[in-house]
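Engineer: Could you work out the structure for the sequence below:
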Amino acid sequence: MPIASVYIHVPFCRTRCHYCDFVTRATSDPIPDTYVDGLLREINRKRGHLARIVTVFFGGGTPSLLAPAQLEQVLNRLAQQPGICPDAEITLEANPDDITETLARSWRELGINRISIGVQSLDNRVLRYLGRRHDADRARRA
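Structural biologist: Got it, this is the predicted structure:
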């Protein structure tokens, strides 16, 4: 059976880094359910073109801002035919200052088995210059 990889762009961030070239929008609000509803509709439209999924990558923006219930909706929709392989790599990009033990546990329970942590530097001067919200210590703790 043919295989596929799926990239899901989440264009929301708490702050917009001045070096970022990606399509994003800064917001202090939760990610709107209308965005997730749009993702679900798009997955439904593409379902006939999908093969068995071997990788799912939530990128952005800051996909770790999605509530666990929103991530679950998207993963459940992708799991429908043709579905996600049992040993698929499912990656979520996360900012160091968004990661909590509770969130990490919920991501794992959802089947997310890889976190890409946005650590551009462990030098506080560089992090300030880049406009990052976290410092080097917070990045290490994440």
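
Engineer: what about S5, how many residues close to it?
Structural biologist: Using other CB atoms under 10 Å, S5 is surrounded by 12 other residues. All C-beta spots, glycine's among them, are computed from the backbone N, C-alpha and C.

Engineer: Report whether it is found in a helix, as I expect.
Structural biologist: No: with the criterion set as DSSP: H, G, I helix; E, B strand; the rest coil, the secondary structure at S5 is strand rather than a helix.

Engineer: isn't it right up against R52?
Structural biologist: No: taking contact to mean CB atoms under 8 Å, the distance of 10.7 Å between S5 and R52 leaves them out of contact.

Engineer: confidence score at the closest residue to R114 other than its chain neighbours?
Structural biologist: Closest residue to R114 in three dimensions, ignoring its sequence neighbours and counting by CB to CB, 6 or more residues apart in numbering: T91, at 4.2 Å. At T91 the predicted local confidence, pLDDT, stands at 98.

Engineer: check contacts around T91.
Structural biologist: With contacts taken as CB atoms under 8 Å, 6 or more residues apart in numbering, T91 has the following neighbours: T55, V56, F57, F58, I112, N113, R114, I115, S116.

Engineer: In what element of secondary structure is it found?
Structural biologist: strand 84-94 (DSSP states H and E).

Engineer: ditto for P82
Structural biologist: Of the helices and strands defined by DSSP H and E, none includes P82.

Engineer: Name the next helix or strand downstream of the helix or strand bottoming out on mean pLDDT in the chain, please.
Structural biologist: Least confident element among the helices and strands of the chain, by mean pLDDT, DSSP states H and E: strand 25-26 (a mean of 80). The element immediately downstream of strand 25-26 (helix or strand, assigned by DSSP H and E) is helix 33-46.

Engineer: hmm, who's touching the helix or strand just after that next one?
Structural biologist: Following the chain from helix 33-46 toward its C-terminal end, the next helix or strand by DSSP H and E is strand 52-60. Counting contacts by CB under 8 Å, 6+ apart, the residues outside strand 52-60 that touch it are 1-13, 22, 24, 66, 71, 75, 78, 82-85, 88-93, 116.
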